[in-house]
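1. here is a sequence with its predicted model. Questions after.
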Amino acid sequence: MPNLGDESVEVTRWRCAGAGRPTAKRTWIPLALAATLSITTYFSCATADAQADDLFAVSPVAYFAPEPWQDDNTAEDIENWLTEQTIGGAGDTNENSGAGAAATTTEGGQQPSRNEHQSDEKAGDEKGANDEKNKNESNDEKDSDGAEGDEDEKSLTDRLKDLEKNYEKLEKNFEELDEGLDEGISGLKSTLKGYARSGHSGATMKVSGRIHADHWAFPGDSPGVNAFETGDPTISPQDRLGFRRIRFGMAGGLWYNTEYKIEMEFAGANDVEYRDVYIGINELPLLHTLLIGNQKRPYGLDHINSSRYNVFLERPFVIEGFNQDSRRLGIASYGVSENERWNWRYGLYNQTLVQAIGSYVSDHYQPELTGRLANTIWYDEGSDGRGYAHWAISGSLANPDGSGLPGRAANAARFRTRPESRTASRWLDTGAIAGADNFQLLGLESVLNVGPTQLVGEFQHIWLDRDPGSQLQFHGAYMYLSYFLTGEHIPWERDSGQLGRVIPHENFFAVRTCDGCRARGWGAWQVAFRWSYADFTDRDILGGIGESYTLAVNWHWNPYAKMQFNYGYGEISNHAPVAGQTFGTYQFLGTRFVVDF
């Protein structure tokens, strides 16, 4: 077989890959010539059917495959080679017919003789016989094909019948499965009948809770602090062991845009109180989310933060003093911008703390209009919030009842707090301010977080007007710096402008492995330092001035459990005399074990 050139390569590509028509003008000639000669030779070789079948069972182009491609062959070489292969093969099969088909003249150019004409006529007769034979064979093949078609049609009918049977069986199995599923659901409901579940199909319910177990100690003593705590300069504050919080609650949704929450506090033993208790409507025009019930007033970041996530055991002087226990009965709106850069909350509240007494009774409602606007000015999306910055401004307009009229509720114009630790008495206390008419509060807050480091600060100031025409001012601030030794960070909730849940890189655990060794995880370790200051003394109101320094170490075992340790030193000065004492110093040690769910 001769070597084939580039033009033949194009023929092969056209044939095998279905590409466009070859660009070479003569590359179609070998293929057309081969096809024509193949057909002619097939019908002229009646006595060599088997050999002809072998010769042409494979496409002429397939002959190209076994030979190596060479660049020096042209389309004309391919034509000549195909002609030789086809004609030569036919001559080997039938010499007479091959001779007659090879040429119409002799080598010398003379006309063929009579014998040669007779030979051609004989060959023609034989060809006619062969054609008739092939025609009969073709008719037989058609009859055979018809019979096979009938069998195929019958087979198709049977297959359709089988398919219908299978469908009926599948439909029956599905009905049985559906019945079994209904029975299973009914049985499950019966089994869970005694367990907690939502009241109806249109409600959802999520159970939550937290446990804070505390130990507090007060090493050393001071006559002033002893008097502020016990009323006796000789009796020091006593150590404490107990539960700071035992909360259990439920929250969920109703229908499309209604929500609810009920949270109870059991740390007071027989004195059970409620905390968050409200109903809400979501996705309202302008108002966004509207909550009605007992909820946090929106000032003081350290109060807006959940006690589950705060860095220190107790809140700073000024935050707790100006917003004691935080929650009040009210109606408030909560909103957030689409990009979560801005969030806000505002509402109208009653100033009296009623969660321990149940309800407020008075003709004077002691209303308070308050709000907070917060802005996350930087949030590092690339690090999933390991870097962020926040600021917020909050304010309040309040109208307490300082009239002292009989039958009225207690005057809400009173600011007091404990010494950032758990004590029986509140060491800073203005008492109920007689004649209080109204007051205004301004709060500023900021947060900067860079990786494991966080810096937080707040300032609040109150201007209180009282009859007859005098004004009092109280203020305070705090600042803290925290750092994770293990590299974690405190997440930031942009939609509400508050701290989130710490996720340790590695949870705390200690187990014995199969080879007798021990494997450990150390959890997340955090250290923090806070300075806090509050001035509750002005004019004739001697609530005291407090200043404290607190060191915190927090060991996060996992996202839902941790151990916290605080050591603090503080001073109380300018206090109203108690057993002749107006000044005192103190130290405290606090330890807390925390779980929440």
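-> Looks like it arrived, so ask away. As the structure is a prediction and not an experimental result, all values here were calculated from the model.
2. could I get the full set of helices for this structure?
-> 6-17, 28-44, 49-56, 75-93, 95-102, 114-191, 223-230, 301-304, 317-322 (DSSP state H).
3. does anything pack onto the shortest one? Which helices or strands?
-> What it means is helix 301-304. Applying 3 or more C-beta pairs under 8 Å, 6 or more residues apart in numbering; DSSP states H and E, we find helix 301-304 packed against helix 317-322, strand 453-466. In short, each C-beta sits where N, CA and C put it, glycine included.
4. report the angle between the top strand by length along the chain and strand 453-466.
-> For the chain, the strand with the greatest residue count under DSSP state E is strand 541-558. Angle, strand 541-558 to strand 453-466, by axes from the mean of the first three to the mean of the last three C-alpha atoms, to 10 degrees: 150 degrees.
5. listing partners with orientation, what would you give for strand 541-558?
-> strand 524-538 (antiparallel), strand 561-575 (antiparallel) (DSSP bridges).
6. any buried residues in the last one, and which?
-> Going back to what we said before, that points to strand 561-575. 561-564, 566, 568, 570-572, 575 (16 or more other C-beta atoms under 10 Å).
7. now tabulate these in a markdown table and tack on pLDDT and distance to Leu156.
-> Shown next, in a markdown table, are the buried residues of strand 561-575 (pLDDT from 0 to 100; distance: C-beta to C-beta, whole Å):
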| residue | pLDDT | distance to Leu156 |
| --- | --- | --- |
| Ala561 | 98 | 69 |
| Lys562 | 98 | 72 |
| Met563 | 98 | 76 |
| Gln564 | 98 | 78 |
| Asn566 | 98 | 85 |
| Gly568 | 98 | 90 |
| Gly570 | 98 | 95 |
| Glu571 | 98 | 100 |
| Ile572 | 98 | 99 |
| His575 | 98 | 103 |
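8. per-residue pLDDT, the closest residue to Ala413 other than its chain neighbours?
-> Nearest residue to Ala413, sequence neighbours excluded (C-beta to C-beta, 6 or more residues apart in numbering): Ala436, at 3.4 Å. We have a pLDDT of 96 for Ala436.
9. list the contacts for Ala436?
-> 400, 402, 411, 413, 464-466 (C-beta atoms under 8 Å, 6 or more residues apart in numbering).
10. buried subset of these, written for ChimeraX?
-> A single ChimeraX command selects the buried members of these (16+ other C-beta under 10 Å):
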select :400,402,411,413,464,466
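11. let's have the contacts of Ala436 in a markdown table, adding pLDDT and distance to Arg308.
-> Listed next are the contacts of Ala436 as a markdown table, based on pLDDT from 0 to 100; distance: C-beta to C-beta, whole Å:
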| residue | pLDDT | distance to Arg308 |
| --- | --- | --- |
| Pro400 | 97 | 32 |
| Gly402 | 90 | 37 |
| Asn411 | 95 | 33 |
| Ala413 | 97 | 31 |
| Leu464 | 98 | 33 |
| Asp465 | 97 | 38 |
| Arg466 | 93 | 38 |
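12. quick check, nearest of the contacts of Ala436 to Phe588?
-> Minimum distance to Phe588 across these is 29.2 Å, recorded for Ala413 (C-beta to C-beta).
13. I figured the closest one hits Leu464, correct?
-> Yes - using C-beta atoms under 8 Å, Ala413 makes contact with Leu464 at a distance of 6.6 Å.
14. check the gap between Glu175 and Lys169 for me.
-> 11 Å (C-beta to C-beta, to the nearest Å).
15. and for stretch 203-213, what are the contacting residues?
-> Contacts to stretch 203-213, defined as C-beta under 8 Å, 6+ apart, come from residues 196-198, 242-254, 263, 267, 307-308, 592-597.
16. so what's the gap between it and the chain middle?
-> 22 Å (C-alpha atoms, centre = their mean, to the nearest Å).
17. go on, stretch 407-418?
-> With C-alpha atoms, centre = their mean, you get 45 Å for stretch 407-418.
18. only the buried residues of it, if you could.
-> 409, 411-418.
19. quick one: which two of these are the most distant?
-> Ala409 and Arg418 (23.7 Å).
20. the spatially most central residue of the chain and Val336, how far apart?
-> Residue closest to the average C-alpha location in the chain (C-alpha atoms, centre = their mean): Asp384, at 12.0 Å. Here the criterion is C-beta to C-beta. By it, Asp384 lies 19 Å from Val336.
21. what does Gln454 give?
-> In terms of C-beta to C-beta, Gln454 sits 22 Å off from Val336.
22. hmm, back to that, which of the buried residues of stretch 407-418 lies closest to Glu547?
-> Thr417 (13.0 Å).
23. okay, how far is it across stretch 294-312, tip to tip?
-> Its first and final residues considered, stretch 294-312 spans 25 Å by C-alpha to C-alpha, to the nearest Å.
24. likewise for stretch 574-581?
-> 10 Å.
25. run through who's touching it.
-> Contact with stretch 574-581 is made by 223-224, 226-228, 231-233, 427-428, 537, 542-545, 582-584, as judged by C-beta under 8 Å, 6+ apart.
26. over to stretch 400-417?
-> The contact list for stretch 400-417 (C-beta under 8 Å, 6+ apart) reads 317, 320-322, 324, 351-352, 360-364, 366, 398, 426-439, 462, 464, 466-467, 474, 534, 536, 543, 546.
27. distance from the chain centre to it, please.
-> 48 Å.
28. which pLDDT value goes with Leu188?
-> At Leu188, pLDDT is 71.
29. would you map the strands across the stretch 301-450 of the chain?
-> Taking DSSP state E, counting those that start in this stretch as the test, the strands found in the stretch 301-450 of the chain are 327-336, 342-350, 367-379, 387-398, 416-417, 428-429, 436-450.
30. Ala217 is nearest to which of the ones you listed?
-> Closest approach to Ala217 among the strands of the stretch 301-450 of the chain is made by strand 416-417 (20.1 Å; C-beta to C-beta).
31. direction included, what does that closest one pair up with?
-> Here, using DSSP bridges, strand 416-417 pairs with strand 428-429 (antiparallel).
32. and Leu286, how far is that from Trp344?
-> 12 Å.
33. hang on, I meant Asn574
-> For Asn574, the distance to Trp344 - C-beta to C-beta - is 37 Å.
34. got the contact list for the residue nearest to Trp342 when sequence neighbours are not counted?
-> Nearest residue to Trp342 in three dimensions, chain neighbours excluded: Asn375, at 5.6 Å (C-beta to C-beta, 6+ apart). Contacts for Asn375 (C-beta under 8 Å, 6+ apart) come out as 341-342, 390-392.
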